[in-house]
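This is a predicted model, with the sequence first.
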Amino acid sequence: MPRSTMPTPRLRDLPNLGPTSEEMLTRAGIATPAQLQALGAIAAFVRVRKSQGKASMNLLWALEGALCGQAWQTVARDHRTSLLLALEDYEQRHQEVP
């Protein structure tokens, strides 16, 4: 069977994500849209923040929007509180124990 000529989807091809977001995700070990989907926006955001020490909340809104097909501005306006609570919960559940 011939190989598919369809290009492999890139992170930057998702809504809200561009070359800078793609680079940040790749440096955090997230290289494909499938990996991002499997992790979810919260875990991906935490991974980026841990690997690079910087990530604005706009990245979280963009990641969630990329996964659910909404503009990051809509996510920031309509889902901010639920995402912040989910982030807090995720971080509490994944705290490193000394």
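Received the coordinates, thanks.

okay, CA-based contacts and neighbour counts for the rest of this
Will do.

the helices in the chain, which residues?
Using DSSP state H, the helices of the chain run over 19-27, 33-39, 41-52, 57-68, 72-78, 80-93.

and those helices as TSV, adding mean neighbour count and mean pLDDT?
Shown next, in TSV, are these (neighbours: other Cα atoms under 10 Å; pLDDT from 0 to 100):
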stretch	mean neighbour count	mean pLDDT
helix 19-27	16	96
helix 33-39	15	97
helix 41-52	19	95
helix 57-68	21	96
helix 72-78	16	95
helix 80-93	13	96
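
how about those helices in CSV, adding distance to Arg10?
Below are these laid out as CSV (distance: least, Cα to Cα, whole Å):
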stretch, distance to Arg10
helix 19-27, 8
helix 33-39, 6
helix 41-52, 16
helix 57-68, 12
helix 72-78, 18
helix 80-93, 24
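
where's the closest residue to Ala44 other than its chain neighbours relative to Tyr90, distance?
Leaving out its chain neighbours, the residue that sits closest to Ala44 by Cα to Cα, 6 or more residues apart in numbering is Leu36, at 6.6 Å. Plainly put, Leu36 is 16 Å away from Tyr90 if you go by Cα to Cα, to the nearest Å.

One more: Glu64?
On the measure of Cα to Cα, Glu64 and Tyr90 end up 15 Å apart.
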